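**Student:** pasting the structure only:
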């Protein structure tokens, strides 16, 4: 193990050894959300993701759950709910199935940067994912887990499990999900992506008049970044250029390298947007 430079509050520091960096993390002189320069990659990356630090991050940052996590019962009491109200709430809970109740149990904690939030229910986590308050690459934890994991790595939040949840038909569950403003369809086309500094190749997998789902061989793009896209001719849509903002990031499946990103178009020709809308309306 060598020594590393670290970027903290936009200031480059170091070089330090692994042990020196771990000590500074412990004393809060550095944060897990700081960046470290990896010479093998020739680029900066999050400290928490670096091979020399990822295991320490996962095991050292587990939250300490409160002695009494907020529950529907506690909430009713705090709001002045009468004993009868608590009894009714308890009866409703008793009548629900264990599986359904699990969706409402406040057992999940979220780690964003150095801040820990929670506890939240599974449905609250899903809602936050829908509203882009948290992302698939953020870390979550509950007491059944030995360490923090990215949302995308947790079985309860795998796409197929979320689909099953959405299709369950329960009213409380349906309220979590919202309809897209623009119809989105499967769409395969080669793309070029650049940020005024570097260019990457990629492919589109979904398309709508408002944005797209992309696969890009770059792990370092993050929500909020602006990118320039060039779409080559695809399934019924002419080539076009667009400026977009990254709104979501999904980690690759085991054995795969490219990441999946969701982007929102912020600048696109009106004629192109209309052509995309006609295409998606026809295919959807």
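**Tutor:** Right, received. Where do you want to start? The shown structure was predicted, so the numbers you read here are calculated from the model rather than taken from an experiment. Numbers count the residues shown, from 1 in each chain.
**Student:** where exactly do the strands run in the stretch 1-150 of the chain?
**Tutor:** For the stretch 1-150 of the chain, strands defined by DSSP state E, counting those that start in this stretch occupy the ranges 3-8, 11-17, 35-38, 43-46, 108-112, 115-120, 139-141, 149-150.
**Student:** Direction included, what does the second one pair against?
**Tutor:** Paired strands of strand 11-17, with direction, are strand 3-8 (antiparallel) (DSSP bridges).
**Student:** what comes up buried for the partner strand?
**Tutor:** Of all the residues in strand 3-8, those buried under the rule 16 or more other C-beta atoms under 10 Å are 4, 6-8. For every residue, glycine as well, the C-beta is placed using N, CA and C.
**Student:** Now tell me what touches that strand from outside.
**Tutor:** Contacts with strand 3-8, where a contact means C-beta atoms under 8 Å, 6 or more residues apart in numbering, come from 12-18, 21, 29-31, 34-38, 44, 47, 52.
**Student:** where does the protein have its least confident helix or strand?
**Tutor:** helix 72-78 (a mean of 35; mean pLDDT, DSSP states H and E).
**Student:** Give me the mean pLDDT for the helix or strand residue 187 falls within.
**Tutor:** Element membership of residue 187, judged by DSSP states H and E, is strand 185-194. Averaged across strand 185-194, pLDDT comes to 91.
**Student:** now stretch 130-143: how far from the chain's centre is it?
**Tutor:** Centroid separation for stretch 130-143 versus its chain: 5 Å, with C-alpha atoms, centre = their mean, to the nearest Å.
**Student:** likewise stretch 13-31?
**Tutor:** 27 Å.
**Student:** List the residues that contact the residue nearest to residue 187 when sequence neighbours are not counted.
**Tutor:** In space, residue 187 comes closest to residue 207 once its chain neighbours are excluded; the distance is 3.6 Å by C-beta to C-beta, 6 or more residues apart in numbering. Residue 207 is in contact with 184-185, 187, 189, 213, 234, 237, 276, 279-280, counting by C-beta under 8 Å, 6+ apart.
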